[in-house]
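**Student:** Give me the fold of what follows.
(4 chains)
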Protein chains: 2
Amino acid sequence: MATDAKERGEEKVTLGQYLASIRQDRRMTLREVEEATNREISNAYLSQIENDKIQQPSPNVLHKLSEIFGIDYGRLMEMAGHVVPSKRRAPSERHGRIATFANYHLTPDEEAELLEYLQFLRSRRKTSSAKTRR
Amino acid sequence: MATDAKERGEEKVTLGQYLASIRQDRRMTLREVEEATNREISNAYLSQIENDKIQQPSPNVLHKLSEIFGIDYGRLMEMAGHVVPSKRRAPSERHGRIATFANYHLTPDEEAELLEYLQFLRSRRKTSSAKTRR
DNA sequence: GGAGATTGCTTGATATGCATAGCATGCTTG
DNA sequence: CAAGCATGCTATGCATATCAAGCAATCTCC
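**Tutor:** Predicted structure coming up:
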């Protein structure tokens, strides 16, 4: 247990972070995404979303993005703070499938590095009682 | 025009009409509904919604109303013109060989750090070439 | 008839989604 | 270096969701 991550700030993946990482994973530029949406979503606006300048992008926007990227619309809705049908609303996020890496096109190399990094993270956390990071 | 929404004709019922008729059915006043939502939705705003002055009430508002009235949230979303998340999840199981991370049960904290690290990894070896070292 | 409450609605103000245009930096090549 | 383009981001402005306050019609009950 332990895991008092909530108390220390920056832990949870934001909608912006998630979308940005997905876009990079797909190797697309902001303008390419704009193109892909038939100019329905401007690159400028996308930038704001990725930097969390927009608090709640509309469902239609999120849907378009989920189509482009081939990711789950419901999850985007959730991350944006919208209530999703058939999902129980709980203030405390039980982890579950927040940002599963299945959505990323990881190369074997990347996967290896991530695993290694994860081990590093965990070892560090177990041994030293961690404090301010970075 | 506060006629019953039971028009025999096939004109489609608007969100406002629907909500108004439901509220009347429940025999509640605008202010009672406002109360029932813990004042999250003002009676003034409700009035505008019922008269279709508002084109797209936010999902959260619609959800609250669906709770109060005990009606289907998804339907309200649809009537409001929002795309409703369908669970018709396509066979997007392209991950195949790299589902490794699915086996780890990452805390939100770890997931965030991994994502950040992945972005870091990719940001440096952008698209081959270039010996740029920022 | 008038005070007082109740109910639906309008209005003015504010917040925020979202677009167009433009900026800053980086990279490439003459 | 300058020119050019690509990429991410910012500045500005408009549209609209949402609220607080107030108004008009109604229904009491004296």
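
**Student:** what's the spacing between residue A:20 and residue B:26?
**Tutor:** 44 Å (Cβ to Cβ, to the nearest Å). C-beta coordinates here come from the backbone N, C-alpha and C atoms, glycine included.

**Student:** what are the ranges of the helices in chain A?
**Tutor:** Ranges of helices within chain A are A:15-25, A:30-36, A:43-50, A:59-69, A:73-79, A:108-127, based on DSSP state H.

**Student:** Out of the ones you listed, which is closest to residue B:54?
**Tutor:** Of all the helices of chain A, it is helix A:59-69 that lies closest to residue B:54, at 15.1 Å by Cβ to Cβ.

**Student:** So which residues on chain A come close to DNA strand D?
**Tutor:** A:29-32, A:43-44, A:47-48, A:50-51, A:53 (Cβ under 7 Å from any atom of the strand).

**Student:** Produce a PyMOL select command limited to the buried residues of those residues.
**Tutor:** Selecting only the buried entries of the residues of chain A next to DNA strand D in PyMOL, with 16 or more other Cβ atoms under 10 Å in any protein chain shown as the criterion:
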select buried, chain A and resi 30+43+50
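
**Student:** which among the residues of chain A next to DNA strand D gets closest to residue A:68?
**Tutor:** Among the residues of chain A next to DNA strand D, and counting by Cβ to Cβ, the member closest to residue A:68 is residue A:32, at 9.6 Å.

**Student:** Out of the residues of chain A next to DNA strand D, which comes closest to DNA strand C?
**Tutor:** Nearest to DNA strand C, judged by Cβ to the nearest atom of the strand, of the residues of chain A next to DNA strand D is residue A:44 at 3.4 Å.

**Student:** low pLDDT regions in chain A?
**Tutor:** By pLDDT under 70, the weakly predicted segments of chain A are A:1-11, A:87-100, A:102, A:104-105, A:107-112, A:114-134.

**Student:** who in it is up against DNA strand C?
**Tutor:** Counting by Cβ under 7 Å from any atom of the strand, chain A comes close to DNA strand C at A:39-45, A:48, A:53-58, A:60-61.

**Student:** ok, and the most crowded of the residues you listed?
**Tutor:** For those, the largest neighbour count, defined by other Cβ atoms under 10 Å in any protein chain shown, is 24 neighbours, found at residue A:57.

**Student:** Could you work out the most separated pair of the residues of chain A next to DNA strand D?
**Tutor:** Maximum pairwise distance in these, criterion Cβ to Cβ, is 20.4 Å, between A:32 and A:53.

**Student:** ok so, going back, which two among the residues of chain A next to DNA strand C are spaced furthest apart?
**Tutor:** Maximum distance among those (Cβ to Cβ): 23.4 Å, for A:39 and A:55.

**Student:** which of residue A:20 and residue B:26 has more neighbours?
**Tutor:** The residue with more neighbours, out of residue A:20 and residue B:26, is residue A:20; 20 against 14, by other Cβ under 10 Å.

**Student:** neighbours around residue A:66, how many?
**Tutor:** Residues lying near residue A:66 (other Cβ under 10 Å) number 20.

**Student:** Next up, the contacts around it.
**Tutor:** Contacts for residue A:66 (Cβ atoms under 8 Å, 6 or more residues apart in numbering or on different chains) come out as A:72-73, A:76.

**Student:** ok, now residue A:63?
**Tutor:** So, once contact is read as Cβ under 8 Å, 6+ apart, residue A:63 ends up touching A:73, A:76, B:83.

**Student:** Surely the second one and residue A:64 touch.
**Tutor:** No - with contact defined as Cβ atoms under 8 Å, residue A:76 does not count as touching residue A:64 (10.1 Å).

**Student:** More neighbours: these two, which one.
**Tutor:** residue A:76 (24 against 20).

**Student:** Okay, the more buried one and residue B:24: tell me how far apart.
**Tutor:** Distance, residue A:76 to residue B:24, using Cβ to Cβ: 36 Å.

**Student:** And residue A:70, by the same measure?
**Tutor:** According to Cβ to Cβ, residue A:70 stands 44 Å off from residue B:24.

**Student:** same check, this time on residue A:45
**Tutor:** To residue B:24, residue A:45 is 40 Å away according to Cβ to Cβ.
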